[in-house]
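# how would this look folded up:
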Amino acid sequence: MPPTRLLRSAEIPQADNLTNVRRVLDALAAGAAAREQIVEQTGISLRHVGYALAAARVLGWLGDDDASITPAGRALLAAPAGTPDERAHLRRAIFACDVVKEVAPDLFDPAAPTLSALARRIFRFTAGIGKETARRRAQTLLAWRKQVLEQQLPLFPRRPRKRGAGG
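The predicted structure is shown next:
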């Protein structure tokens, strides 16, 4: 179902890496008050810090002031990074995200929307966005899908036990 209003370009996220979004939230939680301080603490470029802040807002982890972390953001930060608990928080935030509901309600369907189909929806429902920008933003949503659904493999996979070796 199409959105009931035209979306603004700033509402469509462009921060592909949810780990970096979390790192930006961590910096804010640690007391960073300005974007430049976030850059210093994270090593993320100023431009990408801006993208991460916008994504954190859209996902409900950050207030409109770009400084206050919401209860959902604090819950994310309380989950150990890289764990199933963290992925559950990420998934909940993406499911609850109004923009995702409006342009990509099928994002977590077994067959993901194609990049082209998602880009067309973003282009059609977002005021003043170009086709290439819509495609780039569609890549972000698909990157989020992959990060949330992808199970991390253990660093050291178990070796099969040898049979008949005294065991």
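# can you pull the buried residues of stretch 74-82?
Within stretch 74-82, the residues that count as buried by 16 or more other C-beta atoms under 10 Å are 75-77, 79. For glycine as for every other residue, the C-beta is placed from the backbone atoms N, C-alpha and C.
# Report the separation between the most centrally placed residue in the chain and Ala34.
The centre of the chain sits closest to Leu18, judged by C-alpha atoms, centre = their mean, with a distance of 4.2 Å. In this view, Leu18 and Ala34 are 23 Å apart by C-beta to C-beta, to the nearest Å.
# Which strands or helices does the strand or helix carrying Arg92 pack on?
Arg92 is located in helix 84-96, with elements delineated by DSSP states H and E. Helix 84-96 is packed against helix 71-78, helix 131-149, with contacts defined by 3 or more C-beta pairs under 8 Å, 6 or more residues apart in numbering; DSSP states H and E.
# Of those helices, give the one that comes closest to Tyr51.
helix 131-149 (8.7 Å; C-beta to C-beta).
# what's in contact with that closest one?
Residues from elsewhere that reach helix 131-149, judged by C-beta atoms under 8 Å, 6 or more residues apart in numbering: 9, 12-19, 55, 87, 90-91, 94, 100, 103-104, 107-108, 112-113, 115-116, 118-120, 122-123, 126, 129.
# can you give me the strands in the chain?
Taking DSSP state E, the chain contains no strands at all.
# pLDDT weak spots in it?
Applying pLDDT under 70 to the chain flags the ranges 1-4, 151-167.
# now do 50
Across the chain, residues meeting the criterion (pLDDT under 50) sit at 152-163, 165-167.
# quick one: Ala54 from Asp106, how far?
Ala54 is 23 Å from Asp106, by C-beta to C-beta.
# so which of the helices and strands packed on helix 84-96 comes closest to Ser45?
helix 131-149 (16.3 Å).
# what angle separates that closest one from helix 84-96?
Calculated by axes from the mean of the first three to the mean of the last three C-alpha atoms, to 10 degrees, helix 131-149 forms an angle of 140 degrees with helix 84-96.
# can you give me how far helix 131-149 is from the chain middle?
9 Å (C-alpha atoms, centre = their mean, to the nearest Å).
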